[in-house]
Every structure is written in C-alpha cells, then in structure tokens.
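Enquirer: Got a predicted structure plus its sequence, pasted below:
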Amino acid sequence: MGPGPSDIHPRVLNAIGRGTVGHLDPYYLETMNNLQEMLRKVFKTENELTMAISATGSAGMETTVVNVIEPGDKMLVCINGVFGMRMADVAERAGAEVLTVEKPWGEVFTVEDLQPIIEAEQPKVVGIVMAETSTGACQPLEEISQLVHANQGLLLVDAVTSLGGMNVEVDKWGIDIIYSGSQKCLSCPPGLAPVSFSPAAVEVLNNRKTKVRSWYLDLSMLANYWSEDRVYHHTAPINMTYALYEALRVILEEGLDNCFARHKRNHLALQAGLNALGFEYTADPNNQLPMLNAVKIPEGVDDATIRSGLLNRFGIEIGGGLGAFKGQVWRIGIMGHAARQSNVLTFLAALEQLLAENGYEFSAGCSIAAANSAFAHNE
Ligand SMILES: *Cc1c(COP(=O)(O)O)cnc(C)c1O
C-alpha cells in the first residue's frame, strides 16, 4: 500500500512466468499489436503512435521530452512536487531552455497561474504532472490544454500514477504527449512505460532538424519496430510485455468506469478512517487523488516506528514523504489491485494498534467504524 510498486494481480504474475519467445516471433508481434490496441483504450485515444517503452516511468518521461525537444527549444514545466522537479531536470539535460512555474506542494495549477508566462514566452512544450505522487494532488487538465493550444504549444502530461486508477482522456482533453508506468494503477511489475503521441506531436517528431539525443529512446527507430516494418532496435522485454498485456486485459474486463469507481470507493473509506483519527491530508481537498493518500504525520508520532511496525508486524508497506515532505508525511497507496476493502480495513486496524502503543490518543475503533460506514454509503 505504498506509492508503487503496487500489488501485482495474480493473473499478471502468472503471465510473466510464461515461456520467452523471440522478439520477432509471430506470437510476440501479435501480442505487441494487441497491447497497443489496449493501451489506446486505456489512454482513450486513437493515436497511432501509442506503445510501451522498455523501461520504467522515468524513461517514459525522458522519451517524451527528448523526442519533442531540440536544443534551445522552450519548455515550461509546472512544479508542485518531486515529479515536476524531475521533469525540469530531464528537460534541461535534453537541451531545452527550461522555464518553470511553481506552486506550493499539495496545490494545483489554474489557468490564471499559467496564462501570463505561456502568453509571454510561447513555449513549444508545457509539461505538467496529472497525479503528483509526492503530494496526492490531482491536476485538472482540460482548461490548461485549451490555453496551451491557443498559444500553439504542445501539452505533455505525466500520467504515471493516474493511468488505470482514474479517468485519463487523451483525445477529449487534447493531450499531445503522455507517458505512464506499469507498476502503479496498472498492477504490473515495474519495467514498462506506456506512451502516446497525438498527430500534432508526431508532426513535430517528423520535422526535427537534429538527432534525438538518446539512442535508446529515439522514437523514429522505436516506431519502426512497433510498426509493420519490425526493424530490430533492442531486444524487447518479452515477459514484461506479457505482464502488461495481461494487466490491461484485467482492467478492461473489469471495465474502466468500474475500475475508477473501485478506486474512489476505497479512497473515500480510507479517507473517512484517517479523518476519524484526526489526520490531515497534504493536498487541497478539492483536488485529492483517489489512489494516493498523503497525510501529515501528527505531532509526537514517530515516522519510522509506525512504518516499520506496519511492515514488520503486519506485512503492510506504506510510503514515507519525498523531498520537502521527508519525515513529515505518509503516502498510502490504493493503486490497482491494492484498492480493496480488505486492504483498507486491515491497514486501519494495524495503524490503530501501532498508534495506541505509541501514545497517540483517539477513540479505539473509530477509523474502522468510519471506513465501514463510508463503504456502506458508497456501494
Ligand atoms: C513513480 C512516478 C514516476 C517515475 O516512475 P518510475 O517508474 O519510478 O521511473 C514519474 N512520475 C510520477 C508522477 C510517478 O508517480
């Protein structure tokens, strides 16, 4: 129940253990095609250039940035947590002229925050994190997308934590470039990064004047392997592809809307439980993610004692604070297969026990009662 890797669905673990075929085997090529089809469904896009990069979510970030940025291009990066900071670093290394706009951690960006700098600077790309895993804040995108397009820019979105756990509408919201990771709400091991590029973004890729700075992540070559040409580039991580294939099948069989509703229902119950214990969330309550619950550690409660107790005595892992929130925040993930009633209730019971042993005062059982009542109200 941390911020990823999340619980792996048993069907996915089963799939990853199947025999490894060659990366040009007809069976594998068909699996790749089906994987692309399913990724388009989960991203809600018709984008032809939709595939999985052979590396983790950060490589998805790097792929999207290095392919659209040429040295000297302006890229605006919105920073309200660790992953916006990472994106700015990646853009700088890619040779971009990086502009940043910052908000306090836990808050999200509004059109008013971005309009002056976008209108004045006309950046080629605007990068933003949809689900900021360091704070639990959920960034609305539709209006910002309109602003970016009114200024002839491309919108680049980090959907590592959001994809599979809440609605992500690539085409409807006008997202030009998007990346995710396999190990958060997709309930798959870490190692693949789904990406998708709109026709407008593809045109930018096709009109590059300089070579992409990364050989491994150069989409002009990767696309030749994922297209009918099947030009060898690198040996694909065959078994990880099986895993992601099965993970997407599990999600689509449940149905995207049902899957999002399950995350929401478990989040509301967890939130009710944590609130009953007097815990405060770090993100603005109007923009709280369902799958990542970041709460402030109350005065007098020791971070390490509680987290090691959860892990060693109850087998439950939660995340500590990242960056500016180190030692001050707990990050409780209910991502993908981990978003289950039994997890929420077991976690709250274990947390209550440890808090009681460590002198934190509360009315015994209050979080479990609150969570059960939320489950009853949100069936
Ligand atoms: C986890 C995460 C990443 C990085 O993904 P890795 O798979 O760890 O490389 C990037 N952005 C966000 C929002 C994340 O939560």
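Expert: Structure received. Since the model is a prediction, treat every value here as computed from it, not as a measurement. Numbering: from 1, shown residues only.
Enquirer: Which residues of the stretch 51-200 of the chain lie near the ligand?
Expert: For the stretch 51-200 of the chain, the residues in contact with the ligand (C-beta under 6 Å from any ligand atom) are 56-58, 61, 83, 129, 131, 133, 158, 160-161, 181, 190. The way it works is simple: take the backbone N, C-alpha and C, and place the C-beta from them, glycine included.
Enquirer: Apply 8 Å and report the result again.
Expert: Residues of the stretch 51-200 of the chain found near the ligand (C-beta under 8 Å from any ligand atom) are 55-61, 82-83, 86, 129-134, 158-161, 181-184, 190, 193.
Enquirer: Out of those, which sit inside strands?
Expert: Here DSSP state E is the test, and these give 129, 131, 132, 158, 193 as lying in strands.
Enquirer: Report the buried residues of stretch 305-312.
Expert: Buried residues in stretch 305-312, counted by 16 or more other C-beta atoms under 10 Å: 306, 307, 309, 310.
Enquirer: Distance-wise, check the first one relative to residue 351.
Expert: Spelled out, it's residue 306. Going from residue 306 to residue 351 by C-beta to C-beta, to the nearest Å gives 7 Å.
Enquirer: what do you get for the third one?
Expert: Applying C-beta to C-beta, one obtains 9 Å for the distance of residue 309 from residue 351.
Enquirer: Closest one of the buried residues of stretch 305-312 to residue 17?
Expert: Comparing those against residue 17 with C-beta to C-beta picks out residue 310 as the nearest, at 29.2 Å.
Enquirer: doesn't residue 353 make contact with that closest one?
Expert: No. Using C-beta atoms under 8 Å, residue 310 is not in contact with residue 353, being 9.6 Å away.
Enquirer: what's the pLDDT at residue 4?
Expert: Note for residue 4: predicted pLDDT of 93.
Enquirer: out of the buried residues of stretch 305-312, which touch the ligand?
Expert: Okay, of the buried residues of stretch 305-312, nothing touches the ligand (C-beta under 8 Å from any ligand atom).
Enquirer: and the closest residue in space to residue 198 that isn't next to it in sequence, what does it touch?
Expert: Counting by C-beta to C-beta, 6 or more residues apart in numbering, residue 176 is the residue found nearest to residue 198 once chain neighbours are left out, at 4.5 Å. Neighbouring residues of residue 176 by C-beta atoms under 8 Å, 6 or more residues apart in numbering: 154, 155, 156, 197, 198, 200, 201.
Enquirer: again with residue 287
Expert: Taking C-beta under 8 Å, 6+ apart, one finds 107, 108, 137, 138, 139, 140 in contact with residue 287.
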